[in-house]
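# Sequence plus predicted model, see below.
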Amino acid sequence: MKSKLETQLDKEFEQMNVKPWVYHVTDLDMFNGVTIVSPNKQDAGAIEDVVHTIDGFCQHPESVSPATEMREELNDRGFVGVAICDYRDTFSRKRGRIIAKGRLLKQLKKK
């Protein structure tokens, strides 16, 4: 069941004629999960490959904040609707969707 906040986000997307696509990637080394919301359909396998690749180099000692590095790398690849679940937290698809949708909506409104 969708929360009031998610329903409100979906209404705003609908007003903008955007149908967001949600992708969840789990089974990562540094994170319990990454949720990506895109304004258009993507290849889910390609998204998973990109996230796993970034996860691999976020483990290097020079990586100050793995989550920040993950978000920056995904932003560089055009994914702005991103929510990252730390390895110490419990992964929630619902919470990830809400955060990622909010971030995507914020970027779309800037345009």
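Okay, I see it.
# Which strands or helices does the helix or strand hosting Lys109 pack on?
Here Lys109, judged by DSSP states H and E, is contained in helix 93-110. If you count contacts as 3 or more Cβ pairs under 8 Å, 6 or more residues apart in numbering; DSSP states H and E, helix 93-110 packs onto helix 4-15, strand 21-25, strand 31-38, strand 81-86. Backbone N, C-alpha and C define where each C-beta goes, glycine included.
# burial count for Gly45?
A count of nearby residues for Gly45, using other Cβ atoms under 10 Å, gives 8.
# what residues are up against the residue nearest to Arg95 when sequence neighbours are not counted?
In this structure, Arg95 finds its nearest non-sequential neighbour in Ala83, 7.4 Å apart by Cβ to Cβ, 6 or more residues apart in numbering. Residues near Ala83 by Cβ atoms under 8 Å, 6 or more residues apart in numbering: Val34, Thr35, Arg95, Gly96, Arg97, Ile98, Ile99, Ala100, Arg103.
# Would you mind giving those as TSV with distance to Leu28, neighbour count and pLDDT added?
Listed next are the contacts of Ala83 as TSV, based on distance: Cβ to Cβ, whole Å; neighbours: other Cβ atoms under 10 Å; pLDDT from 0 to 100:
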residue	distance to Leu28	neighbour count	pLDDT
Val34	7	30	98
Thr35	12	25	98
Arg95	17	16	97
Gly96	13	23	97
Arg97	18	22	97
Ile98	20	19	98
Ile99	17	18	98
Ala100	16	26	98
Arg103	19	19	97
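# In the residues you listed, find the pair that's most separated.
Val34 and Ile98 (14.5 Å; Cβ to Cβ).
# What about Pro66, how many residues nearby?
20.
# List the contacts of the helix holding Lys109.
3, 5-6, 9-10, 12-13, 16, 18, 20, 22, 24, 33-39, 80-83, 85.
# Apply 10 Å and report the result again.
Identification of contacts with helix 93-110 by Cβ atoms under 10 Å, 6 or more residues apart in numbering yields 1-3, 5-6, 8-10, 12-13, 16, 18, 20, 22-24, 26, 32-39, 71, 75, 79-85, 89, 92.
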